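Student: when you get a sec, could you give me coordinates for this:
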Amino acid sequence: MTRDDLNWLLDDFHRQVSDVRGLVLFSSDGLPTAFSGMPESEADALAALGASINSMVASASAHTGSGAVRSTLIESEDAFLMLGQAAERTGLLVVVSANADLELVAAELEQLLERVGSHLATPARR
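Tutor: Below is the predicted model:
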């Protein structure tokens, strides 16, 4: 799957799911793979942040013996950050308005993670 295909998936999610401010797909080393709803400089910063958060949460999970982390939710005054694993070594961070229906966004996010994961697992055609 090309970067354009990934951007299309993220752009579609951003358009379809209300209260999503922006989202970035990132590698475990903190580099953005695709993004929507934000300038590239913000995607760069949030990709690095997302990779750091995923690493810390995975470490905490390992130390507590609580199993693999499925998702992470961070609540701030004006927004939520929702993080999930799209594929091995690939995460997704979504910035959501504080007044969002989190159950709805989480359900849509789960579907997006499955779609992205499937596309990342499929080799590109030659």
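Student: low-scoring pLDDT stretches of the protein, where are they?
Tutor: Low-confidence segments of the chain, defined by pLDDT under 70, are located at 1, 122-126.
Student: for the residue most central in space within the chain, helix, strand, or coil?
Tutor: With distances taken as CA atoms, centre = their mean, residue 92 lies nearest the centre of the chain, 1.5 Å away. Local secondary structure at residue 92 is given as strand here, using DSSP: H, G, I helix; E, B strand; the rest coil.
Student: correct me, but it touches residue 115?
Tutor: No - applying CB atoms under 8 Å as the test, residue 92 and residue 115 come out as separate, 10.8 Å apart. Backbone N, C-alpha and C define where each C-beta goes, glycine included.
Student: let me see the ranges of the helices in the protein.
Tutor: Assigned by DSSP state H, the chain shows helices spanning 3-16, 40-64, 102-121.
Student: reformat the ones you listed as TSV; add mean neighbour count and distance to residue 88.
Tutor: As requested, the helices of the chain are arranged in TSV below (neighbours: other CB atoms under 10 Å; distance: least, CB to CB, whole Å):
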stretch	mean neighbour count	distance to residue 88
helix 3-16	15	16
helix 40-64	15	12
helix 102-121	16	9
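Student: mind checking which of the ones you listed is nearest residue 87?
Tutor: Closest approach to residue 87 among the helices of the chain is made by helix 102-121 (4.3 Å; CB to CB).
Student: give me the number of residues near the closest residue to residue 55 other than its chain neighbours?
Tutor: In this structure, residue 55 finds its nearest non-sequential neighbour in residue 28, 7.5 Å apart by CB to CB, 6 or more residues apart in numbering. When neighbours are counted by other CB atoms under 10 Å, residue 28 registers 15.
Student: hmm, who's touching stretch 21-40?
Tutor: Applying CB atoms under 8 Å, 6 or more residues apart in numbering, the set of residues contacting stretch 21-40 from outside is 3, 6-7, 9-11, 13-14, 20, 42-44, 46-52, 54-55, 79, 86, 89-97, 116.
Student: oops, could you answer that again for stretch 63-77 instead?
Tutor: Contacts to stretch 63-77, defined as CB under 8 Å, 6+ apart, come from residues 53-54, 57-58, 61, 80-85, 98, 102, 106, 109.
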